[in-house]
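Student: I would like the atomic coordinates for the input below:
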Amino acid sequence: MQQLLEIMARLRDPVRGCPWDREQDFSSIAPYTIEEAYEVDDAIRRGDMEDLLGELGDLLLQVVYHAQMANEAGHFDFEQVAAGIAEKLVRRHPHVFEQSGASSPEQVQRTWEATKVQERSERAKRRGAPADPFSGVPEALPALMRAAKLQARVQGPEEAERTEVLKADWVRRLQDLPGQPASRVAEELGDALFASVALARVLGVDPEAALRDANARFEASVRQTDERPV
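Tutor: Presented below is the predicted three-dimensional model:
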């Protein structure tokens, strides 16, 4: 780890560093960070542990890169990043580190979510801003994934019992589409997609993963068709 930090500092050195690495900033590196996270996901989905080893290294580089730039600007360094996540993990797992007695995954999830709500409230107070139920949900997330996270922030305890209501709402929105004027089709279709995310959530399905799997099935089907002898 120390070697990696030293290499990154050398790459960013104003005199002896790499010309490309020296001119990067948080905004220019952010797309690579997102891309590397997806490549980690891809390696996991393919079950390729050799690729996963390399992709995790690439993702770690992104953390080191951002930490080095922050250190240069006097904001924080890698040690503070590591210390911060270590403290957060302890705080969000009182059932492990404080013997709080959580005995099921469901209890752990409730404790985790309650802690995140408290953290968001405290963060808003520090900034002198009103509490925002959607604080911390990045706008750059894929739309399906972000829809699921936004919905989870306002989830009620009875949501799991609303499956039939959500199914009916989803079907109604799809049925209404053909009769909509052209100016409203995009809006109505967006609402139908949002409703499909809500339905996926109550059925215990990750909508982003479900669509990725559908994409993969489509690709495989088309390739199989194209490979048939004429």
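Student: what's stretch 21-33 in contact with?
Tutor: If you take C-beta atoms under 8 Å, 6 or more residues apart in numbering as the criterion, stretch 21-33 is touched by 11-14, 59, 62, 65-66, 69, 140. In short, each C-beta sits where N, CA and C put it, glycine included.
Student: what helix or strand is the closest residue in space to Leu141 that isn't next to it in sequence on?
Tutor: Distances taken as C-beta to C-beta, 6 or more residues apart in numbering place Lys149 nearest to Leu141, at 6.9 Å, with adjacent residues excluded. Taking DSSP states H and E as the criterion, Lys149 maps to helix 143-153.
Student: list the buried ones in that helix?
Tutor: Judged by neighbour count (16 or more other C-beta atoms under 10 Å), helix 143-153 contains these buried residues: 144-148, 151, 153.
Student: for Val137, which residues are in contact?
Tutor: Here Val137 is in contact with 146, 149-150, 153 (C-beta under 8 Å, 6+ apart).
Student: my error: substitute Arg45 in the last question.
Tutor: Arg212.
Student: what about the closest residue in space to Ala192 that isn't next to it in sequence, neighbour count?
Tutor: Excluding its sequence neighbours, the residue lying closest to Ala192 (C-beta to C-beta, 6+ apart) is Arg173, at 4.0 Å. Applying other C-beta atoms under 10 Å, we find 18 residues neighbouring Arg173.
Student: and Ala114, how many neighbours does it have?
Tutor: By other C-beta under 10 Å, neighbour count at Ala114 equals 11.
Student: and this protein, what are its domains?
Tutor: 2-91, 143-226 (automatic domain parsing).
Student: quick one: terminal-to-terminal distance for the last one?
Tutor: Separation of the first and last residues of domain 143-226 by C-alpha to C-alpha, to the nearest Å is 31 Å.
Student: pLDDT below threshold where in this protein?
Tutor: 99-103, 106, 108-110, 112-113, 120, 123-124, 127, 129, 156-161, 227-230 (pLDDT under 70).
Student: nearest residue to the middle of it?
Tutor: Leu141 (6.3 Å; C-alpha atoms, centre = their mean).
Student: so that one, which state does it fall into?
Tutor: Of the three states, Leu141 takes coil under DSSP: H, G, I helix; E, B strand; the rest coil.
Student: from Lys88, how far off is it?
Tutor: Distance from Leu141 to Lys88, counting by C-beta to C-beta, to the nearest Å: 20 Å.
Student: same check, this time on Asp21
Tutor: 29 Å.
Student: can I get the domains of the chain in a markdown table including distance to Val117?
Tutor: Putting these into a markdown table (distance: least, C-beta to C-beta, whole Å) gives the following:
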| stretch | distance to Val117 |
| --- | --- |
| domain 2-91 | 13 |
| domain 143-226 | 9 |
